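A.B. asks: no sequence on this one, just coordinates:
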């Protein structure tokens, strides 16, 4: 039995997840499943980015969790594996994953319902933030820090997803890759399950209420608009990102997108995001439906 103290074990898990995520990303870039064109998207600058970051984060989390001690290791790996294989996760799939994760965590029927809501709600909410480079990962890391501060159990539970996400943050900020639906849903679901595993019932109810409130708010307000008009949030959002290309169409798209991710914006939503008008095509990739304007 390991005699490492919980903080040391959590740090070891986070480091293992970071190494595994980077290794998975490198392997996936060398041999993209189905070919590179399937994973290619075009961003607001007209530059090609890859969605392979998402599977790499999920794989890093899964592998590190599989070797971590404690209750969480089994269902984290299964949940992350499910997110990778399904690709674009739909609402029904997120709910089913939440129920399965909650059932594996155990507890009374009330606990199963709460934990399922945390897992499914976390998956959906983080996906709503995956609209700008690095934003979803920054939100995930902030949530992981808050959860880790509640006790050793939660710290151990969030170590793997936090380490994997942090390892791929530079590529996300550099606009070389993005989480996509699969990655954002997997990362959010694992963090929700971490809250389920490490928090008391009153704390879990409070977190679930916050998730539900933010999700409901996203239907009537734009998170990007709120961030843009709040100096501290705008600074954090831009931290590490490439500056807008002044005078380019990309800059105009970035400036004009502040209201595009809210429910009041014109145009249909696809997978929780807004399509960019006249989306460019990636050379050799064919049409790129659902390309996102970061």
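C.D. replies: Nice, thanks for sending it over. Source: prediction; values computed, not measured.

A.B. asks: Tell me which helix or strand residue 153 sits in.
C.D. replies: Here residue 153 sits within helix 152-173, counting by DSSP states H and E.

A.B. asks: pLDDT below threshold where in the stretch 1-150 of the chain?
C.D. replies: Where the stretch 1-150 of the chain drops to pLDDT under 70, the residues are 1-6, 67-108.

A.B. asks: 80 instead, please
C.D. replies: 1-7, 44, 65-109 (pLDDT under 80).

A.B. asks: Would you tell me what the next helix or strand after the longest helix along the chain is?
C.D. replies: Using DSSP state H to define each element, the chain has its longest helix at helix 6-30. Using DSSP H and E, the helix or strand that follows helix 6-30 in sequence is strand 40-42.

A.B. asks: What is that following strand packed up against?
C.D. replies: strand 48-50 (3 or more Cβ pairs under 8 Å, 6 or more residues apart in numbering; DSSP states H and E). For the C-beta atoms, the positions are set from N, CA and C on the backbone; glycine is no exception.

A.B. asks: where exactly do the helices run in the chain?
C.D. replies: 6-30, 53-67, 72-86, 91-105, 109-128, 135-148, 152-173, 180-198, 201-217, 223-228, 231-238, 249-256.

A.B. asks: Check those for me and report the most buried one.
C.D. replies: Mean neighbour count, computed with mean count of other Cβ atoms under 10 Å, is highest for helix 180-198 among the helices of the chain, reaching a mean of 30.

A.B. asks: That helix vs helix 201-217, what angle?
C.D. replies: Angle between the axes of helix 180-198 and helix 201-217 is 160 degrees (criterion: axes from the mean of the first three to the mean of the last three Cα atoms, to 10 degrees).

A.B. asks: re the thing from before, between the helices of the chain, which one is nearest to residue 44?
C.D. replies: helix 249-256 (4.4 Å; Cβ to Cβ).

A.B. asks: what mean pLDDT does the closest one have?
C.D. replies: For helix 249-256, the per-residue pLDDT values average out at 44.

A.B. asks: So what does the nearest residue to residue 136 once chain neighbours are set aside have for phi and psi?
C.D. replies: Nearest non-adjacent residue to residue 136, counting by Cβ to Cβ, 6 or more residues apart in numbering: residue 130, 3.9 Å away. Dihedral pair for residue 130: phi -80, psi 60, per degrees, to the nearest 10.

A.B. asks: hang on, isn't residue 130 packed against residue 185?
C.D. replies: No. Residue 130 is not in contact with residue 185 according to Cβ atoms under 8 Å; the separation is 9.2 Å.

A.B. asks: Give me the contacts around stretch 10-25.
C.D. replies: Stretch 10-25 is contacted from outside by 4, 52-53, 55-57, 59-61, 63-65, 67-68, 148, 152, 155-156, 159-168, 171, 177, using Cβ atoms under 8 Å, 6 or more residues apart in numbering.

A.B. asks: could you give the angle of the helix holding residue 153 to helix 201-217?
C.D. replies: 30 degrees.

A.B. asks: tell me what helix 152-173 is packed against?
C.D. replies: Right, helix 152-173 is packed against helix 6-30, helix 53-67, helix 72-86, helix 135-148, helix 180-198 by 3+ Cβ pairs under 8 Å, 6+ apart.
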